[in-house]
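Asker: Give me a model of this one.
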Amino acid sequence: MIPIISKLYCSSSQVVFVVRKRPHVVSGGGFVVTNCSQNVVFRVDGCGVLGIKGELVLRDGDGGALLLIRRKAGMVEALSLHKKWKGYTFDYEGSQKVVFTLKEPLSHPCPCVPRNNAIKISTEPSGSCFEVKGYFPDRDCTIVDSTNNVIAQIAVRKEVEELMSSKDLYQVLVKPGVDQAFVFGIIAVLDYIHGESTRC
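Answerer: Numbers count the residues shown, from 1 in each chain. Okay, the predicted model is just below:
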């Protein structure tokens, strides 16, 4: 698989990460991603930190910005069947470059409009397509590629589920060769869409 954000985040083996939501009252919300050694690999800042609705930042373990994610709004969204999110990377001069577009289906009141609840993602410039299957708030979903191969799986850790009913701690399994930063960019948007830690 071609890296979408950076080849630094593509592993030759399967990797399991743990996601922990940050409380709004303490640090403005968002979440932290750790590896099996409990080192912070990614951090996501939502509008509680940034102060801007519909905007998220994926950072590396040292706090450097990897990805800026924005929801497109306005007249175009009002006429569309989807809400669009765009993920941007920064080049060495600081310019933004679109690397993916995520389409979130709108809940349409008109019965004449067909309902397709799938969340679809396309990458640029490669044009690769992905889809989210399952239900994120239950921590039971997968991200699949255009041939239906699972590239990442989101699930509640069994030992956590036994101790508490909270979904504030869950695991993400990322398949070999998959850009982990891209996966957590998608998860950041899913978190926001469902009104969780990244949303004000």
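
Asker: For Trp85, which non-adjacent residue is closest in space?
Answerer: Leu102 (4.2 Å; CB to CB, 6 or more residues apart in numbering). (C-beta placed from N, C-alpha, C; glycine too.)

Asker: burial measure for the one you found, as a count.
Answerer: 24 (other CB atoms under 10 Å).

Asker: again, but for Pro23
Answerer: Pro23, neighbours per other CB under 10 Å, totals 12.

Asker: If we ignore the residues flanking it in sequence, what's nearest it?
Answerer: That would be Gly29: by CB to CB, 6+ apart, it lies 7.5 Å from Pro23.

Asker: can you pull the contacts of that neighbour?
Answerer: Residues near Gly29 by CB atoms under 8 Å, 6 or more residues apart in numbering: 21-23, 46-49, 197-200.

Asker: what does Gln171 give?
Answerer: Contacts for Gln171 were tallied using CB under 8 Å, 6+ apart; they are 16-19, 154-157.

Asker: starting at the chain centroid, how far to the longest helix belonging to the chain?
Answerer: The helix that spans the most residues within the chain, counting by DSSP state H, is helix 180-193. Offset of helix 180-193 from its chain centre (CA atoms, centre = their mean, to the nearest Å): 0 Å.

Asker: ok, now stretch 47-67?
Answerer: Mean C-alpha position of stretch 47-67 versus that of the full chain (CA atoms, centre = their mean) differs by 12 Å.

Asker: Repeat that for stretch 135-155.
Answerer: Centroid displacement of stretch 135-155 relative to its chain, using CA atoms, centre = their mean, is 11 Å.

Asker: How about stretch 32-41?
Answerer: Offset of stretch 32-41 from its chain centre (CA atoms, centre = their mean): 16 Å.

Asker: List the buried residues in it.
Answerer: Within stretch 32-41, the residues scored as buried using 16 or more other CB atoms under 10 Å are 32-34, 41.

Asker: I'd like the average pLDDT over it.
Answerer: For stretch 32-41, the mean pLDDT works out to 95.

Asker: And the contacts of that stretch?
Answerer: Stretch 32-41 has contacts (CB under 8 Å, 6+ apart) with 15-20, 22, 42-44, 60-61, 172, 180, 184.

Asker: what pairs with Ala65 across the strands?
Answerer: Arg59 (DSSP bridges).

Asker: From Lys175, how far out is Gly51?
Answerer: 35 Å (CB to CB, to the nearest Å).

Asker: can you check Ile151 too?
Answerer: The gap separating Ile151 from Lys175 is 5 Å, by CB to CB.
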